[in-house]
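> turn this into a structure:
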Amino acid sequence: MTENEQKLRKKFRKIKIFGLLPPLGWTTTTIIMSRYRFRKARSNWPMGNDNSRWEPPPIQLNELLPPSDDPTPPPPAIPMEDQPYEGGPLKMSGFMYHPRTKKYYKMTNDPTLPQGFSKADLDRIETAREAKIQANRPRFTSGSFIKRPVFKPITTLLDDLTLGRCTISRMERHIHESRLLNCQPRPSFTIRTPIDHYNVAGCEFLDVSDTGDRIVGTFTLNPNGPTQKHSAIYVFEVDSIGDTIQSESERREAYNLLPIRSRPQNKGFNTLGLTVQPMLNDDGIPDQPSYVDYAVTRYESFIVDQTLARIDSDVTCMLTVTASDSINRYGTVCSHCIVHLEPLAELSDPESIPTLSSPIYNKRWREKGNIWSVGWNGPQMSIGFGLESCFRMENLLTDRSFLMSSKKRNVLSHCFSGDGNLVYMGLRHDNVIKSDLRMNRDHITGQLNGAMNTTFVKVLEKTRPECVVTEGFDSIVRIWDFRWPKKPTMEMHGHRNNCNRLNVFFDKEERFVFAAGSDGWVRGWSLISGDMLCSIKSPSPQNPIFPRAVYSDCWGGRPGNAALIVAVGDSMRVHSLEL
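Reported below is the predicted structural model:
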(Lines give C-alpha, C1' and ligand atoms only; values in the text may rest on other atoms or scores of the structure.)
Protein backbone atom coordinates (compact mmCIF):
# COMPACT_ATOMS: atom_id res chain seq x y z
CA MET A 1 0.00 0.00 0.00
CA THR A 2 1.41 3.30 -1.00
CA GLU A 3 1.80 6.27 1.32
CA ASN A 4 -0.86 8.27 -0.52
CA GLU A 5 -3.43 5.49 -0.08
CA GLN A 6 -2.74 5.33 3.68
CA LYS A 7 -3.33 9.05 4.08
CA LEU A 8 -6.49 8.75 2.04
CA ARG A 9 -7.85 5.93 4.25
CA LYS A 10 -7.28 8.04 7.41
CA LYS A 11 -9.01 11.06 5.95
CA PHE A 12 -12.13 9.39 4.64
CA ARG A 13 -14.31 6.55 5.84
CA LYS A 14 -14.63 3.45 3.69
CA ILE A 15 -17.99 1.84 3.24
CA LYS A 16 -18.35 -1.93 3.48
CA ILE A 17 -20.66 -3.36 0.92
CA PHE A 18 -22.08 -6.72 2.11
CA GLY A 19 -19.20 -7.18 4.52
CA LEU A 20 -16.48 -7.03 1.85
CA LEU A 21 -13.78 -4.43 1.56
CA PRO A 22 -13.16 -3.07 -1.86
CA PRO A 23 -9.98 -4.16 -3.50
CA LEU A 24 -7.15 -1.74 -3.70
CA GLY A 25 -7.45 -1.47 -7.40
CA TRP A 26 -10.80 0.29 -7.27
CA THR A 27 -10.82 4.00 -7.75
CA THR A 28 -11.52 6.07 -4.67
CA THR A 29 -13.94 8.26 -6.56
CA THR A 30 -16.55 5.49 -6.64
CA ILE A 31 -16.23 4.02 -3.15
CA ILE A 32 -14.79 6.58 -0.71
CA MET A 33 -17.21 9.26 0.48
CA SER A 34 -16.87 12.14 2.89
CA ARG A 35 -18.42 11.92 6.34
CA TYR A 36 -21.03 14.52 5.44
CA ARG A 37 -22.27 12.54 2.44
CA PHE A 38 -22.22 9.30 4.45
CA ARG A 39 -24.37 10.79 7.26
CA LYS A 40 -26.74 12.31 4.74
CA ALA A 41 -27.13 8.97 2.95
CA ARG A 42 -27.54 7.08 6.24
CA SER A 43 -30.32 9.42 7.33
CA ASN A 44 -32.28 8.44 4.22
CA TRP A 45 -31.86 4.68 4.87
CA PRO A 46 -35.32 3.07 5.38
CA MET A 47 -35.57 1.33 8.76
CA GLY A 48 -37.83 -1.58 9.69
CA ASN A 49 -38.20 -2.88 6.16
CA ASP A 50 -36.26 -6.12 5.45
CA ASN A 51 -36.94 -5.95 1.74
CA SER A 52 -35.42 -2.51 1.48
CA ARG A 53 -32.02 -2.30 -0.07
CA TRP A 54 -29.58 0.49 0.47
CA GLU A 55 -28.37 2.24 -2.62
CA PRO A 56 -25.50 4.65 -2.46
CA PRO A 57 -26.26 8.19 -3.60
CA PRO A 58 -24.93 9.26 -6.92
CA ILE A 59 -21.38 10.47 -6.78
CA GLN A 60 -19.92 12.97 -9.17
CA LEU A 61 -16.87 11.75 -10.95
CA ASN A 62 -14.89 14.85 -10.12
CA GLU A 63 -15.90 15.02 -6.47
CA LEU A 64 -12.50 14.19 -5.01
CA LEU A 65 -10.38 15.23 -7.90
CA PRO A 66 -7.95 18.05 -7.12
CA PRO A 67 -8.55 21.34 -8.87
CA SER A 68 -6.78 21.88 -12.09
CA ASP A 69 -3.70 24.05 -12.22
CA ASP A 70 -4.88 25.90 -15.27
CA PRO A 71 -4.93 29.68 -14.74
CA THR A 72 -8.22 31.58 -14.73
CA PRO A 73 -9.11 32.78 -18.17
CA PRO A 74 -8.63 36.54 -18.56
CA PRO A 75 -11.74 38.75 -18.47
CA PRO A 76 -13.07 39.93 -21.75
CA ALA A 77 -11.52 43.12 -23.01
CA ILE A 78 -13.52 46.34 -22.60
CA PRO A 79 -14.45 47.86 -25.93
CA MET A 80 -12.80 51.11 -26.79
CA GLU A 81 -16.10 52.95 -26.94
CA ASP A 82 -16.88 52.00 -23.26
CA GLN A 83 -13.55 53.04 -21.77
CA PRO A 84 -13.57 56.25 -19.65
CA TYR A 85 -11.70 59.23 -20.97
CA GLU A 86 -10.85 62.69 -19.71
CA GLY A 87 -13.12 65.64 -20.45
CA GLY A 88 -16.07 63.79 -21.92
CA PRO A 89 -18.43 65.29 -24.50
CA LEU A 90 -18.52 68.53 -22.51
CA LYS A 91 -14.70 68.71 -22.43
CA MET A 92 -14.59 69.39 -18.68
CA SER A 93 -11.02 69.62 -17.48
CA GLY A 94 -10.22 67.67 -14.32
CA PHE A 95 -13.04 65.18 -14.81
CA MET A 96 -13.26 61.66 -16.22
CA TYR A 97 -16.29 60.62 -18.24
CA HIS A 98 -17.64 57.07 -18.12
CA PRO A 99 -19.56 56.31 -21.37
CA ARG A 100 -21.48 53.35 -19.95
CA THR A 101 -22.83 55.13 -16.83
CA LYS A 102 -22.76 58.58 -18.50
CA LYS A 103 -21.35 60.17 -15.34
CA TYR A 104 -18.50 62.57 -14.67
CA TYR A 105 -15.95 61.78 -11.94
CA LYS A 106 -13.56 64.32 -10.47
CA MET A 107 -9.88 63.46 -10.70
CA THR A 108 -8.15 63.77 -7.30
CA ASN A 109 -4.61 63.21 -6.17
CA ASP A 110 -5.72 61.41 -3.00
CA PRO A 111 -7.39 58.08 -3.89
CA THR A 112 -8.97 57.85 -0.42
CA LEU A 113 -11.23 60.86 -1.07
CA PRO A 114 -14.77 60.30 -2.36
CA GLN A 115 -14.73 60.01 -6.14
CA GLY A 116 -17.44 61.82 -8.05
CA PHE A 117 -20.48 63.74 -6.96
CA SER A 118 -23.19 61.12 -6.95
CA LYS A 119 -25.86 61.03 -4.23
CA ALA A 120 -23.94 58.40 -2.28
CA ASP A 121 -20.77 60.53 -2.37
CA LEU A 122 -22.61 63.63 -1.16
CA ASP A 123 -24.25 61.65 1.65
CA ARG A 124 -20.85 60.29 2.64
CA ILE A 125 -19.34 63.78 2.75
CA GLU A 126 -22.26 65.13 4.82
CA THR A 127 -22.07 62.22 7.26
CA ALA A 128 -18.34 62.79 7.74
CA ARG A 129 -18.91 66.50 8.35
CA GLU A 130 -21.60 65.86 10.96
CA ALA A 131 -19.42 63.25 12.67
CA LYS A 132 -16.57 65.76 12.85
CA ILE A 133 -18.85 68.37 14.41
CA GLN A 134 -20.13 65.91 16.98
CA ALA A 135 -16.63 64.67 17.83
CA ASN A 136 -15.27 68.18 18.44
CA ARG A 137 -18.15 69.22 20.74
CA PRO A 138 -17.83 67.78 24.28
CA ARG A 139 -21.18 67.24 25.99
CA PHE A 140 -22.57 65.49 29.01
CA THR A 141 -25.54 63.17 28.73
CA SER A 142 -28.10 62.70 31.43
CA GLY A 143 -28.59 59.48 33.31
CA SER A 144 -32.25 59.20 32.35
CA PHE A 145 -31.73 59.48 28.60
CA ILE A 146 -29.14 57.55 26.61
CA LYS A 147 -29.74 59.27 23.27
CA ARG A 148 -27.27 62.07 22.62
CA PRO A 149 -28.22 65.29 20.82
CA VAL A 150 -27.69 65.03 17.08
CA PHE A 151 -26.99 67.90 14.74
CA LYS A 152 -29.56 67.72 11.91
CA PRO A 153 -29.27 69.82 8.73
CA ILE A 154 -32.20 71.90 7.51
CA THR A 155 -32.66 69.66 4.46
CA THR A 156 -33.07 66.59 6.68
CA LEU A 157 -35.61 68.37 8.87
CA LEU A 158 -37.62 69.55 5.84
CA ASP A 159 -37.61 66.02 4.40
CA ASP A 160 -38.85 64.62 7.72
CA LEU A 161 -41.59 67.25 7.86
CA THR A 162 -42.66 66.59 4.26
CA LEU A 163 -42.78 62.82 4.75
CA GLY A 164 -44.64 63.13 8.05
CA ARG A 165 -41.82 61.80 10.21
CA CYS A 166 -41.95 64.85 12.53
CA THR A 167 -44.28 67.70 13.43
CA ILE A 168 -43.72 71.43 13.04
CA SER A 169 -43.06 71.89 16.76
CA ARG A 170 -40.47 69.11 16.74
CA MET A 171 -38.76 70.62 13.69
CA GLU A 172 -38.60 74.01 15.41
CA ARG A 173 -37.10 72.38 18.50
CA HIS A 174 -34.45 70.63 16.40
CA ILE A 175 -33.58 73.94 14.71
CA HIS A 176 -33.12 75.73 18.04
CA GLU A 177 -31.10 72.82 19.46
CA SER A 178 -28.87 72.84 16.37
CA ARG A 179 -28.23 76.54 16.93
CA LEU A 180 -27.19 75.94 20.52
CA LEU A 181 -24.97 73.06 19.44
CA ASN A 182 -23.17 75.51 17.13
CA CYS A 183 -22.64 78.07 19.92
CA GLN A 184 -19.03 79.23 19.80
CA PRO A 185 -17.00 79.64 23.03
CA ARG A 186 -15.86 83.11 21.95
CA PRO A 187 -18.51 85.85 21.79
CA SER A 188 -19.57 87.11 18.38
CA PHE A 189 -19.27 90.68 19.66
CA THR A 190 -19.25 92.51 22.98
CA ILE A 191 -21.44 95.41 24.08
CA ARG A 192 -20.18 97.56 26.88
CA THR A 193 -22.86 98.14 29.49
CA PRO A 194 -24.25 101.55 28.46
CA ILE A 195 -24.01 103.17 31.90
CA ASP A 196 -21.99 106.37 31.82
CA HIS A 197 -20.04 108.07 34.62
CA TYR A 198 -19.88 104.90 36.74
CA ASN A 199 -17.48 102.03 37.17
CA VAL A 200 -19.72 98.96 36.85
CA ALA A 201 -18.64 95.97 38.95
CA GLY A 202 -21.15 93.36 37.82
CA CYS A 203 -24.74 92.40 37.15
CA GLU A 204 -26.97 91.13 39.97
CA PHE A 205 -30.20 90.63 38.01
CA LEU A 206 -30.92 90.23 34.30
CA ASP A 207 -34.10 89.43 32.40
CA VAL A 208 -35.50 89.92 28.89
CA SER A 209 -39.03 90.56 27.68
CA ASP A 210 -40.92 87.97 25.64
CA THR A 211 -40.65 90.12 22.51
CA GLY A 212 -36.87 90.54 22.89
CA ASP A 213 -36.91 94.36 22.73
CA ARG A 214 -36.36 95.11 26.45
CA ILE A 215 -33.65 94.11 28.93
CA VAL A 216 -34.00 94.71 32.66
CA GLY A 217 -30.82 94.63 34.70
CA THR A 218 -29.57 95.52 38.16
CA PHE A 219 -25.92 96.59 38.17
CA THR A 220 -23.58 97.19 41.09
CA LEU A 221 -20.91 99.86 41.14
CA ASN A 222 -17.36 98.98 42.03
CA PRO A 223 -16.56 100.11 45.59
CA ASN A 224 -13.08 101.11 44.40
CA GLY A 225 -14.58 103.65 42.02
CA PRO A 226 -14.99 107.39 42.58
CA THR A 227 -18.57 107.06 43.85
CA GLN A 228 -20.12 105.26 46.80
CA LYS A 229 -21.21 101.70 46.23
CA HIS A 230 -24.85 101.25 45.31
CA SER A 231 -27.04 99.16 43.03
CA ALA A 232 -29.29 100.56 40.31
CA ILE A 233 -32.00 99.16 38.05
CA TYR A 234 -31.75 99.98 34.35
CA VAL A 235 -34.06 99.19 31.45
CA PHE A 236 -32.45 98.95 28.01
CA GLU A 237 -34.12 99.12 24.64
CA VAL A 238 -32.87 96.50 22.17
CA ASP A 239 -33.23 97.14 18.46
CA SER A 240 -32.12 95.26 15.35
CA ILE A 241 -31.08 97.38 12.34
CA GLY A 242 -31.21 95.78 8.90
CA ASP A 243 -28.43 97.91 7.40
CA THR A 244 -26.11 96.89 10.22
CA ILE A 245 -26.89 93.23 9.60
CA GLN A 246 -26.01 93.52 5.90
CA SER A 247 -22.83 95.54 6.40
CA GLU A 248 -21.55 93.31 9.21
CA SER A 249 -22.27 90.16 7.19
CA GLU A 250 -20.32 91.52 4.22
CA ARG A 251 -17.45 92.52 6.49
CA ARG A 252 -17.33 89.03 8.00
CA GLU A 253 -17.32 87.38 4.56
CA ALA A 254 -14.44 89.59 3.45
CA TYR A 255 -12.58 88.78 6.66
CA ASN A 256 -13.01 85.03 6.17
CA LEU A 257 -11.59 85.23 2.63
CA LEU A 258 -8.28 86.55 3.95
CA PRO A 259 -5.46 84.12 4.81
CA ILE A 260 -5.39 83.17 8.45
CA ARG A 261 -1.94 84.66 9.09
CA SER A 262 -2.81 87.98 7.47
CA ARG A 263 -6.12 88.53 9.27
CA PRO A 264 -6.11 91.66 11.45
CA GLN A 265 -7.43 91.81 14.99
CA ASN A 266 -11.18 92.39 15.20
CA LYS A 267 -13.75 92.86 17.93
CA GLY A 268 -16.33 90.57 16.37
CA PHE A 269 -19.14 90.97 13.90
CA ASN A 270 -22.56 92.27 14.91
CA THR A 271 -24.44 90.15 12.37
CA LEU A 272 -27.62 90.49 14.45
CA GLY A 273 -27.60 94.27 14.08
CA LEU A 274 -28.24 94.78 17.80
CA THR A 275 -28.15 98.15 19.50
CA VAL A 276 -28.65 98.46 23.27
CA GLN A 277 -29.57 101.86 24.66
CA PRO A 278 -30.84 102.81 28.14
CA MET A 279 -34.35 104.21 28.33
CA LEU A 280 -34.87 107.59 30.03
CA ASN A 281 -37.64 107.74 32.61
CA ASP A 282 -37.58 111.37 33.78
CA ASP A 283 -37.85 113.48 30.62
CA GLY A 284 -40.22 115.93 32.28
CA ILE A 285 -37.82 117.10 35.01
CA PRO A 286 -36.55 120.59 34.03
CA ASP A 287 -33.41 120.79 36.17
CA GLN A 288 -31.28 117.95 34.81
CA PRO A 289 -27.72 117.44 36.10
CA SER A 290 -24.69 117.86 33.89
CA TYR A 291 -25.07 114.22 32.84
CA VAL A 292 -28.22 112.12 32.55
CA ASP A 293 -28.54 109.05 34.76
CA TYR A 294 -30.92 106.52 33.27
CA ALA A 295 -31.37 104.49 36.45
CA VAL A 296 -34.96 103.64 37.32
CA THR A 297 -34.17 103.37 41.04
CA ARG A 298 -31.13 102.95 43.32
CA TYR A 299 -30.46 100.95 46.46
CA GLU A 300 -27.75 101.71 48.98
CA SER A 301 -28.33 98.46 50.88
CA PHE A 302 -27.36 94.93 49.95
CA ILE A 303 -29.77 93.24 47.52
CA VAL A 304 -30.92 89.78 48.64
CA ASP A 305 -33.43 88.77 45.94
CA GLN A 306 -35.28 90.28 43.00
CA THR A 307 -38.10 89.26 40.69
CA LEU A 308 -40.49 90.82 38.18
CA ALA A 309 -44.16 91.11 39.20
CA ARG A 310 -46.82 91.48 36.52
CA ILE A 311 -49.46 93.23 38.65
CA ASP A 312 -52.01 93.39 35.83
CA SER A 313 -52.07 93.35 32.04
CA ASP A 314 -50.75 96.93 31.84
CA VAL A 315 -48.31 97.43 34.73
CA THR A 316 -45.10 95.54 35.54
CA CYS A 317 -43.29 96.12 38.83
CA MET A 318 -40.01 95.06 40.38
CA LEU A 319 -39.94 93.25 43.73
CA THR A 320 -36.64 93.78 45.57
CA VAL A 321 -35.46 92.61 49.00
CA THR A 322 -32.67 94.64 50.59
CA ALA A 323 -30.84 93.92 53.84
CA SER A 324 -28.91 96.25 56.15
CA ASP A 325 -27.27 96.01 59.58
CA SER A 326 -27.23 98.49 62.45
CA ILE A 327 -25.84 98.63 65.99
CA ASN A 328 -28.18 99.55 68.81
CA ARG A 329 -27.25 101.37 71.98
CA TYR A 330 -26.38 98.09 73.69
CA GLY A 331 -23.77 97.28 71.05
CA THR A 332 -25.77 94.50 69.45
CA VAL A 333 -25.85 94.12 65.69
CA CYS A 334 -29.41 94.12 64.39
CA SER A 335 -30.44 93.11 60.89
CA HIS A 336 -33.58 94.17 59.12
CA CYS A 337 -34.89 93.64 55.60
CA ILE A 338 -37.11 95.81 53.43
CA VAL A 339 -39.24 94.61 50.51
CA HIS A 340 -39.69 97.24 47.79
CA LEU A 341 -42.49 97.17 45.20
CA GLU A 342 -41.83 99.74 42.47
CA PRO A 343 -43.35 100.08 38.97
CA LEU A 344 -41.31 99.97 35.77
CA ALA A 345 -42.72 102.47 33.31
CA GLU A 346 -40.52 101.15 30.50
CA LEU A 347 -42.15 97.69 30.71
CA SER A 348 -45.70 98.94 31.24
CA ASP A 349 -48.34 100.10 28.80
CA PRO A 350 -47.86 103.80 27.91
CA GLU A 351 -51.53 104.45 28.61
CA SER A 352 -51.07 103.30 32.22
CA ILE A 353 -48.25 105.72 33.06
CA PRO A 354 -50.55 108.24 34.83
CA THR A 355 -51.64 105.48 37.23
CA LEU A 356 -48.13 104.33 38.20
CA SER A 357 -48.09 106.62 41.23
CA SER A 358 -50.98 104.69 42.77
CA PRO A 359 -50.27 103.24 46.26
CA ILE A 360 -51.01 99.74 45.03
CA TYR A 361 -47.91 99.88 42.81
CA ASN A 362 -45.64 101.54 45.39
CA LYS A 363 -45.36 99.70 48.68
CA ARG A 364 -42.78 98.70 51.28
CA TRP A 365 -42.67 96.02 53.94
CA ARG A 366 -40.17 96.03 56.78
CA GLU A 367 -39.12 92.82 58.55
CA LYS A 368 -36.88 92.59 61.62
CA GLY A 369 -35.59 89.15 60.73
CA ASN A 370 -33.99 87.92 57.54
CA ILE A 371 -35.90 87.47 54.29
CA TRP A 372 -34.28 84.88 52.05
CA SER A 373 -36.58 84.95 49.02
CA VAL A 374 -39.50 86.84 47.51
CA GLY A 375 -42.09 85.77 44.93
CA TRP A 376 -45.17 87.08 43.16
CA ASN A 377 -48.49 85.20 43.06
CA GLY A 378 -50.41 86.78 40.19
CA PRO A 379 -53.76 84.94 40.40
CA GLN A 380 -54.03 85.62 44.15
CA MET A 381 -52.59 89.17 43.94
CA SER A 382 -50.26 88.41 46.83
CA ILE A 383 -46.55 88.37 47.65
CA GLY A 384 -44.67 85.52 49.32
CA PHE A 385 -41.80 86.07 51.76
CA GLY A 386 -39.36 83.26 52.60
CA LEU A 387 -38.37 83.89 56.23
CA GLU A 388 -36.00 82.28 58.72
CA SER A 389 -38.34 79.64 60.10
CA CYS A 390 -41.66 80.09 58.29
CA PHE A 391 -43.33 81.41 55.15
CA ARG A 392 -45.46 84.55 54.96
CA MET A 393 -48.18 85.53 52.49
CA GLU A 394 -49.10 89.21 52.06
CA ASN A 395 -52.21 90.18 50.05
CA LEU A 396 -51.66 93.27 47.95
CA LEU A 397 -55.32 94.35 47.87
CA THR A 398 -56.47 93.69 51.43
CA ASP A 399 -53.10 94.06 53.25
CA ARG A 400 -53.86 90.85 55.13
CA SER A 401 -51.13 88.35 55.87
CA PHE A 402 -50.80 84.87 57.35
CA LEU A 403 -47.95 82.51 58.17
CA MET A 404 -47.32 78.99 56.91
CA SER A 405 -45.06 76.27 58.22
CA SER A 406 -41.67 75.65 56.63
CA LYS A 407 -40.66 72.91 59.11
CA LYS A 408 -38.67 75.60 60.97
CA ARG A 409 -36.19 75.86 58.10
CA ASN A 410 -34.89 78.77 56.07
CA VAL A 411 -36.90 79.23 52.87
CA LEU A 412 -34.06 79.72 50.38
CA SER A 413 -36.37 79.86 47.34
CA HIS A 414 -40.02 79.44 46.44
CA CYS A 415 -42.43 79.71 43.53
CA PHE A 416 -46.18 79.49 42.92
CA SER A 417 -48.22 77.28 40.64
CA GLY A 418 -50.03 78.64 37.59
CA ASP A 419 -53.38 78.88 39.37
CA GLY A 420 -51.81 80.36 42.51
CA ASN A 421 -53.16 77.70 44.89
CA LEU A 422 -49.86 75.91 45.54
CA VAL A 423 -46.46 77.12 46.71
CA TYR A 424 -43.21 75.16 46.40
CA MET A 425 -40.45 75.94 48.91
CA GLY A 426 -36.77 75.08 48.79
CA LEU A 427 -35.49 74.68 52.36
CA ARG A 428 -32.05 74.71 53.89
CA HIS A 429 -30.94 71.23 55.01
CA ASP A 430 -34.32 69.78 54.01
CA ASN A 431 -36.37 68.65 51.02
CA VAL A 432 -38.55 70.75 48.75
CA ILE A 433 -42.09 70.89 50.15
CA LYS A 434 -45.44 71.65 48.53
CA SER A 435 -48.05 73.64 50.47
CA ASP A 436 -51.69 74.31 49.62
CA LEU A 437 -52.83 77.88 50.28
CA ARG A 438 -56.48 76.78 50.46
CA MET A 439 -55.93 74.76 53.63
CA ASN A 440 -56.72 76.35 56.99
CA ARG A 441 -53.92 74.42 58.68
CA ASP A 442 -51.48 71.64 57.86
CA HIS A 443 -50.67 73.30 54.56
CA ILE A 444 -47.84 70.89 53.65
CA THR A 445 -49.22 68.29 51.21
CA GLY A 446 -46.05 66.75 49.77
CA GLN A 447 -42.27 66.80 49.51
CA LEU A 448 -39.51 65.72 47.14
CA ASN A 449 -37.14 63.16 48.63
CA GLY A 450 -33.56 64.15 47.86
CA ALA A 451 -34.04 67.80 46.85
CA MET A 452 -31.87 69.24 49.62
CA ASN A 453 -30.66 72.86 49.93
CA THR A 454 -32.58 74.02 46.88
CA THR A 455 -31.68 77.60 45.92
CA PHE A 456 -33.90 77.71 42.84
CA VAL A 457 -37.30 76.16 42.10
CA LYS A 458 -39.65 76.86 39.19
CA VAL A 459 -42.84 75.33 37.82
CA LEU A 460 -43.02 74.48 34.10
CA GLU A 461 -46.36 76.23 33.62
CA LYS A 462 -46.61 76.03 29.81
CA THR A 463 -45.31 72.55 29.06
CA ARG A 464 -45.64 70.44 32.25
CA PRO A 465 -47.64 72.16 35.02
CA GLU A 466 -47.17 69.18 37.36
CA CYS A 467 -43.34 69.33 37.18
CA VAL A 468 -40.82 71.60 38.89
CA VAL A 469 -37.15 72.30 38.14
CA THR A 470 -34.74 72.55 41.07
CA GLU A 471 -31.11 73.61 41.48
CA GLY A 472 -29.12 73.45 44.69
CA PHE A 473 -25.79 72.96 46.39
CA ASP A 474 -25.27 69.48 44.92
CA SER A 475 -24.51 70.95 41.45
CA ILE A 476 -27.30 69.03 39.70
CA VAL A 477 -30.31 70.50 37.89
CA ARG A 478 -33.30 68.18 38.28
CA ILE A 479 -36.86 67.90 36.99
CA TRP A 480 -39.36 66.48 39.48
CA ASP A 481 -42.93 65.28 39.29
CA PHE A 482 -44.83 65.41 42.59
CA ARG A 483 -46.84 62.36 41.55
CA TRP A 484 -43.58 60.37 41.85
CA PRO A 485 -41.65 62.27 44.55
CA LYS A 486 -39.07 59.60 45.36
CA LYS A 487 -36.94 60.03 42.26
CA PRO A 488 -36.43 62.85 39.73
CA THR A 489 -37.66 62.28 36.20
CA MET A 490 -34.53 63.88 34.74
CA GLU A 491 -31.09 64.99 35.90
CA MET A 492 -28.83 67.46 34.10
CA HIS A 493 -25.18 67.15 35.09
CA GLY A 494 -22.17 69.39 34.54
CA HIS A 495 -23.33 72.32 36.67
CA ARG A 496 -21.20 73.74 39.53
CA ASN A 497 -22.54 75.38 42.68
CA ASN A 498 -20.52 75.96 45.84
CA CYS A 499 -23.20 77.10 48.30
CA ASN A 500 -24.31 80.14 46.29
CA ARG A 501 -27.54 81.44 44.83
CA LEU A 502 -26.84 81.41 41.12
CA ASN A 503 -28.64 82.59 38.02
CA VAL A 504 -31.00 80.10 36.32
CA PHE A 505 -32.89 81.21 33.21
CA PHE A 506 -35.64 79.59 31.10
CA ASP A 507 -36.65 80.59 27.59
CA LYS A 508 -40.22 81.69 27.01
CA GLU A 509 -41.21 78.38 25.39
CA GLU A 510 -39.62 76.32 28.21
CA ARG A 511 -37.44 74.35 25.82
CA PHE A 512 -34.06 75.14 27.41
CA VAL A 513 -32.60 76.00 30.80
CA PHE A 514 -29.39 77.98 31.31
CA ALA A 515 -27.42 78.11 34.55
CA ALA A 516 -24.34 80.11 35.51
CA GLY A 517 -21.97 78.05 37.63
CA SER A 518 -19.72 79.12 40.43
CA ASP A 519 -16.75 78.16 38.23
CA GLY A 520 -17.63 80.92 35.72
CA TRP A 521 -19.13 78.61 33.07
CA VAL A 522 -22.58 79.20 31.59
CA ARG A 523 -24.22 75.96 30.49
CA GLY A 524 -27.45 75.19 28.67
CA TRP A 525 -29.52 72.00 28.65
CA SER A 526 -32.52 70.75 26.74
CA LEU A 527 -35.60 70.24 28.90
CA ILE A 528 -36.84 67.58 26.45
CA SER A 529 -33.83 65.24 26.38
CA GLY A 530 -31.80 66.51 29.35
CA ASP A 531 -28.58 66.83 27.30
CA MET A 532 -26.09 69.66 27.59
CA LEU A 533 -26.20 71.71 24.39
CA CYS A 534 -23.70 74.51 25.07
CA SER A 535 -20.99 75.44 27.55
CA ILE A 536 -19.42 78.92 27.59
CA LYS A 537 -16.49 80.09 29.68
CA SER A 538 -16.83 83.66 30.92
CA PRO A 539 -13.87 85.72 32.15
CA SER A 540 -13.28 85.55 35.88
CA PRO A 541 -14.34 88.83 37.50
CA GLN A 542 -12.38 90.46 40.28
CA ASN A 543 -15.42 90.45 42.59
CA PRO A 544 -17.75 87.70 43.83
CA ILE A 545 -20.56 88.70 41.44
CA PHE A 546 -21.33 85.72 39.20
CA PRO A 547 -22.30 86.12 35.53
CA ARG A 548 -25.91 86.37 34.36
CA ALA A 549 -27.24 84.85 31.15
CA VAL A 550 -30.41 85.45 29.12
CA TYR A 551 -31.57 83.79 25.90
CA SER A 552 -34.02 84.85 23.21
CA ASP A 553 -34.78 83.84 19.63
CA CYS A 554 -36.24 87.24 18.66
CA TRP A 555 -33.73 89.87 19.77
CA GLY A 556 -34.73 93.36 18.74
CA GLY A 557 -38.24 92.15 17.93
CA ARG A 558 -36.93 90.32 14.86
CA PRO A 559 -37.95 86.61 14.76
CA GLY A 560 -34.97 84.35 14.13
CA ASN A 561 -32.43 86.60 15.86
CA ALA A 562 -31.26 83.95 18.32
CA ALA A 563 -28.44 84.74 20.71
CA LEU A 564 -27.22 84.09 24.24
CA ILE A 565 -26.16 87.22 26.16
CA VAL A 566 -23.87 86.82 29.18
CA ALA A 567 -23.46 89.85 31.45
CA VAL A 568 -20.16 89.75 33.30
CA GLY A 569 -18.35 92.74 34.75
CA ASP A 570 -19.10 95.89 32.79
CA SER A 571 -19.87 94.21 29.45
CA MET A 572 -22.48 92.08 27.73
CA ARG A 573 -20.99 89.25 25.69
CA VAL A 574 -23.29 88.32 22.79
CA HIS A 575 -23.01 84.76 21.41
CA SER A 576 -24.87 84.62 18.10
CA LEU A 577 -26.60 81.30 17.42
CA GLU A 578 -26.52 80.41 13.74
CA LEU A 579 -27.23 77.22 11.83
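
> how many residues are close by E248?
Burial of E248 is recorded as 19 neighbouring residues (other C-beta atoms under 10 Å). Every residue, glycine included, has its C-beta placed from N, CA and C.

> how about the secondary structure of it?
Here E248 takes the helix state, with states given by DSSP: H, G, I helix; E, B strand; the rest coil.

> in the protein, what spans have low per-residue confidence?
Applying pLDDT under 70 to the chain flags the ranges 1-78, 108-119, 122, 130, 132-151, 196-197, 222-228, 280-293, 541-543.

> those helices in it, which residues are they?
3-11, 28-31, 35-43, 119-135, 154-162, 168-181, 242-257 (DSSP state H).

> name the residues that touch stretch 350-358?
D314, V315, P343, A345, S348, Y361 (C-beta atoms under 8 Å, 6 or more residues apart in numbering).

> what's around the last one, how many residues?
The burial count assigned to Y361 is 21, neighbours taken as other C-beta under 10 Å.

> so what's it up against?
Counted by C-beta under 8 Å, 6+ apart, Y361 has contacts I311, V315, C317, L341, E342, P343, T355.

> list only buried entries from those residues.
I311, V315, C317, L341, E342, P343 (16 or more other C-beta atoms under 10 Å).

> report the contact partners of the fifth one.
Spelled out, it's E342. V296, T297, C317, M318, T320, Y361, N362.

> so A232 touches E300, yeah?
No: at 10.4 Å, A232 and E300 do not qualify as touching, with contact defined as C-beta atoms under 8 Å.

> compare these two (neighbour count), which wins?
Applying other C-beta under 10 Å to A232 and E300 shows that A232 carries more neighbours, namely 19 against 10.

> tell me which of the contacts of Y361 fall in strands.
Using DSSP state E, C317, L341, E342, P343 are the members of the contacts of Y361 that sit in strands.

> save those residues as CSV, and put in distance to R214 too.
Output for the ones in strands among the contacts of Y361, formatted as CSV (distance: C-beta to C-beta, whole Å):
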residue, distance to R214
C317, 14
L341, 19
E342, 16
P343, 14
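
> residues near M96, how many?
M96 has 17 neighbours, counted by other C-beta under 10 Å.

> who's in contact with it?
Per C-beta under 8 Å, 6+ apart, neighbours of M96: P84, Y85, E86, G88, Y104, Y105, K106, M107.

> rerun at 6 Å
By C-beta atoms under 6 Å, 6 or more residues apart in numbering, M96 lies in contact with P84, E86, Y105, M107.

> let's see if you can find the most crowded of those.
Y105 leads these on contacts (other C-beta under 10 Å) with 17 neighbours.

> any idea how far G88 is from that residue?
10 Å (C-beta to C-beta, to the nearest Å).

> ok, T244 next?
Counting by C-beta to C-beta, the gap between T244 and G88 amounts to 47 Å.

> equivalent analysis for K363, please.
From K363 to G88 the distance is 83 Å (C-beta to C-beta).

> could you do R366 as well?
Counting by C-beta to C-beta, the gap from R366 to G88 is 88 Å.

> ok, E126 next?
Distance check for E126 against G88: by C-beta to C-beta, it reads 26 Å.

> neighbour count for these two, which is higher?
Neighbour comparison, E126 and G88: the larger count goes to G88, with 17 against 13 (by other C-beta under 10 Å).

> how about the nearest residue to that one, chain neighbours excluded?
Closest residue to G88 apart from its sequence neighbours, by C-beta to C-beta, 6 or more residues apart in numbering: Y97 at 2.7 Å.

> ok, what's across the strand from that neighbour?
Y85, Y104 (DSSP bridges).

> now the strands for the stretch 201-350 of the chain?
For the stretch 201-350 of the chain, strands defined by DSSP state E, counting those that start in this stretch occupy the ranges 214-221, 231-240, 274-278, 297-299, 302-310, 316-327, 333-343.

> and those strands, which is most packed in?
strand 214-221 (a mean of 22; mean count of other C-beta atoms under 10 Å).

> beta partners for V423?
F416, S435.
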